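This is a predicted model, with the sequence first.
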Amino acid sequence: MPGSRIPLLEVEALSKTFGGLRAVDRLTFAVGEGEIVGLLGPNGSGKTTTFNLVAGALRPDGGEIRFAGRRITRSAPSLRAHLGIARTFQLVRMFPNLTVLENVLVGRLYGRDRVASPVQARTEALALLGLVGVEQKHDVLAVNLTLGERKRLEIARALAARPRLLLLDEPAAGLTPREVDAAVALFRRIRAQGTAIALVEHNVRAVRALCDRVVVLHAGKQIAQGTPAEVFAHAAVVQAYLGRR
Amino acid sequence: MSILAQNLIFGALVGGLYGLAAVGLSLVFGVLKMLNVAHGELLMLGGYVAFWLFTLFRIDPFVSIVPSALALFLVGVVLYRLLFARLVFASDETKLKNSILIGFGVSLVLQTLVLIAWTADERSVTTAAAGAVLPVGDVVVPLARLGALAVAFLTLGGLHLFLQYARLGRAIRATADDVEGAYLSGVPVPAVFLMTFGLGSALAGIAGALVSTTDAVSPSIGLSWTLKALIVVVLGGVGHMFGTFVAGVFLGVAESASGFLLGNAYREIMGLVLFLLVLSLRPQGLFARE
């Protein structure tokens, strides 16, 4: 969005402690409109906790979260969804006893910019299933999908809420290289429609291909940020993240 | 033989109401993971709504289903707001235990309030059509009970359509599947909990009005309805609405069969025996798919 220079998501000095362990420690970063930002870091570095804090599944112990200039640090998750934050999970989550179409309908009926007409909601939900390529299975209960299909359904469900910011937790994990390429292409298309993306991802190829900017976390703190090329050249990153092998 | 058949028909008709009572309890349990043991008292209140509307205004209990459902919806909403809502963010285990404790308290308070307000007298509704029967071969089918079964079945059909196709119905099912996922998708989970509790209470209200068409209503009938509903929920499996209804009919038939074959003292015991058998052999319920 040219003209607006306020970042879409601003995270400032955010902290979360679990029984003495500082999972997120005075973390500050921002995601601009239409930007793709990667959160990198070894397991336990606080990436998923950060997502949970932004989406509202957890309440922070300190710091502030602003979305489109509005303070949402303690808002209900449903309000954040209405404002335009949607997320997917590392361990795919869906409504197993709802059909594939209904999974997406819930997002369309309760997310941002919701539609009143059930017919229109259904049409739009089917179009989203087409975008991710599972529309033939729209009448199947979600529990019966394969892992790859579930991941795509989850993305369709998140998109159904018309998010301005999409939080993707390891979207490429467990996918074949071919599927990773398809996912990267899909995320580019989503961004081309104006949606910003923040993603947690270990797949270096996907991160290089997608991210405009990368924020590297270690023990809940930011240790580096920059373009993927800059960050992967950074000695501290290599040591903290890639140097374990 | 025809006496046995008569007993079985009678049991099936009563069982439909067991099913309806159980569906309300099961809906609340499935979505909120709270067990409202005051469900039977809500049903009792529904019976009183029908009784008073008949006594004061000559309104047929089958018509009173609507005001009774509305009144109990409101009672449910108030009880939820005042007492149960505070458990929403507790762990599932705490939620279950504490909701049972709260429910026992509520049931005692409601019984006592009704006792003070309307005495312990057994109240019955005697409409013009009360004694009418439909003869079928050697046996007779009491029309009021047949009507109650039909209304119970239609109510469940309506509930099914609502849960399946309405916007709120889908939100309720999504919440039952994954609370956090629903909340993050924009479903206002606290409001869904409130509406679900109200809906479960309204179902108790409908069941209570139907009970008043054939049975006396008194302050103490609640506990036995809660127990029947619990047995039926276990037999049918949580979250399987028509399974729950069928389990209700099954319990009704099993009770009258054992009452007839073993003596009336065994009626109630049969339900509890089935309860224990299913819990130990098939804890997911008789009609669960997995």
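Arrived safely. Numbering: from 1, shown residues only, chains lettered A, B, ... in the order given.

And the strands in the chain, which stretches?
Reading this off chain A. For chain A, the strands defined by DSSP state E cover A:9-18, A:21-31, A:36-40, A:62-67, A:70-71, A:85-87, A:165-169, A:196-200, A:213-218, A:221-226.

Not quite, go with chain B.
Counting by DSSP E, the strands of chain B are B:133-136, B:139-142.

Make JSON lines out of those and add mean neighbour count.
Where you see a C-beta, it was placed from the backbone N, CA and C, and this is true even at glycine. Putting these into JSON lines (neighbours: other CB atoms under 10 Å in any protein chain shown) gives the following:
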{"stretch": "strand B:133-136", "mean neighbour count": "10"}
{"stretch": "strand B:139-142", "mean neighbour count": "17"}
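
Please identify the buried residues of stretch A:215-227?
For stretch A:215-227, a neighbour-count test (16 or more other CB atoms under 10 Å in any protein chain shown) marks A:215-225 as buried.

what does stretch B:227-246 give?
Buried residues in stretch B:227-246 (16+ other CB under 10 Å): B:227-241, B:243-246.

wouldn't residue B:250 be in contact with residue B:18 here?
No - Residue B:250 is beyond contact range of residue B:18, at 9.0 Å (criterion: CB atoms under 8 Å).

Give me the subset of the buried residues of stretch B:227-246 lying in helices.
Counting by DSSP state H, these place B:227-236, B:241, B:243-246 in helices.

Out of the residues you listed, which are close to chain A?
When CB under 8 Å from any CB of the partner chain is taken as the criterion, no member of these contacts chain A.

list the contacts for the closest residue to chain B within chain A?
Residue of chain A nearest chain B, by CB to the nearest CB: residue A:81 (3.2 Å). Each residue near residue A:81 by CB atoms under 8 Å, 6 or more residues apart in numbering or on different chains is listed here: A:110-112, A:161, B:184-186.

and the residue nearest to it when sequence neighbours are not counted, what does it touch?
With sequence-adjacent residues excluded and distances taken as CB to CB, 6 or more residues apart in numbering or on different chains, residue A:81 is closest to residue B:186, at 3.2 Å. Residue B:186 is in contact with A:78, A:81-82, A:107, A:110-112, A:114, A:161, counting by CB under 8 Å, 6+ apart.

Make CSV out of those residues and add distance to residue B:190 and pLDDT.
Converted to CSV, these look like this (distance: CB to CB, whole Å; pLDDT from 0 to 100):
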residue, distance to residue B:190, pLDDT
A:78, 9, 93
A:81, 14, 93
A:82, 14, 93
A:107, 19, 89
A:110, 13, 90
A:111, 17, 85
A:112, 19, 85
A:114, 18, 79
A:161, 19, 89
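
Any chance of a markdown table for those, columns distance to residue B:53?
Formatted as a markdown table, the contacts of residue B:186 follow (distance: CB to CB, whole Å):
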| residue | distance to residue B:53 |
| --- | --- |
| A:78 | 39 |
| A:81 | 43 |
| A:82 | 42 |
| A:107 | 43 |
| A:110 | 38 |
| A:111 | 43 |
| A:112 | 45 |
| A:114 | 40 |
| A:161 | 45 |
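
Please narrow these to those residing in helices.
Counting by DSSP H, the part of the contacts of residue B:186 found in helices is A:78, A:81-82, A:107, A:110.

what's the farthest-apart pair in the ones in helices among the buried residues of stretch B:227-246?
For these, the maximum inter-member distance is 20.2 Å, found between B:227 and B:241 (CB to CB).

Show me what residue of the stretch 51-200 of chain B gets nearest to chain A.
For the stretch 51-200 of chain B, CB to the nearest CB, closest residue to chain A: residue B:186, 3.2 Å.

Residue 211: neighbouring residues, count only.
All of this is about chain A. Residue A:211 has 23 neighbours, counted by other CB atoms under 10 Å in any protein chain shown.

that answer is for a different chain, and I need it for chain B
For residue B:211, using other CB under 10 Å, the count is 25.

give the contact list for residue 163.
In the absence of a named chain, this looks at chain A. Residues in contact with residue A:163, defined by CB under 8 Å, 6+ apart, are A:84-86, A:111-112, A:195.

meant chain B actually
Here residue B:163 is in contact with B:169-170, B:172-173, B:241 (CB under 8 Å, 6+ apart).

Which members of those residues occur in helices, if any?
Using DSSP H, B:169-170, B:172-173, B:241 are the members of the contacts of residue B:163 that sit in helices.

Between residue B:250 and residue B:18, point out the one with more neighbours.
A direct count of neighbours by other CB under 10 Å for residue B:250 and residue B:18 places residue B:18 higher, at 28 against 22.

Nearest residue to the more buried one in space, ignoring adjacent ones along the chain?
Nearest residue to residue B:18 in three dimensions, chain neighbours excluded: residue B:248, at 3.7 Å (CB to CB, 6+ apart).

so how far is residue B:13 from that neighbour?
Using CB to CB, to the nearest Å, we find residue B:248 at a distance of 11 Å from residue B:13.

quick one: which of those two has more around it?
Higher neighbour count among residue B:248 and residue B:13: residue B:248, with 31 against 24, using other CB under 10 Å.

In this structure the more buried one contacts residue B:19, no?
Yes - counting by CB under 8 Å, residue B:248 does reach residue B:19; the two are 2.5 Å apart.

what sits against residue A:213?
Counting by CB under 8 Å, 6+ apart, residue A:213 touches A:35-38, A:225-227.

if you set the cut-off to 6 Å instead, what comes out?
residue A:37 (CB atoms under 6 Å, 6 or more residues apart in numbering or on different chains).

ok, of the buried residues of stretch A:215-227, which one's closest to residue B:140?
residue A:220 (75.3 Å).

Apart from its neighbours in sequence, what residue is nearest the residue nearest to the spatial centre of chain A?
Residue closest to the average C-alpha location in chain A (CA atoms, centre = their mean): residue A:167, at 1.2 Å. Nearest non-adjacent residue to residue A:167, counting by CB to CB, 6+ apart: residue A:87, 3.7 Å away.
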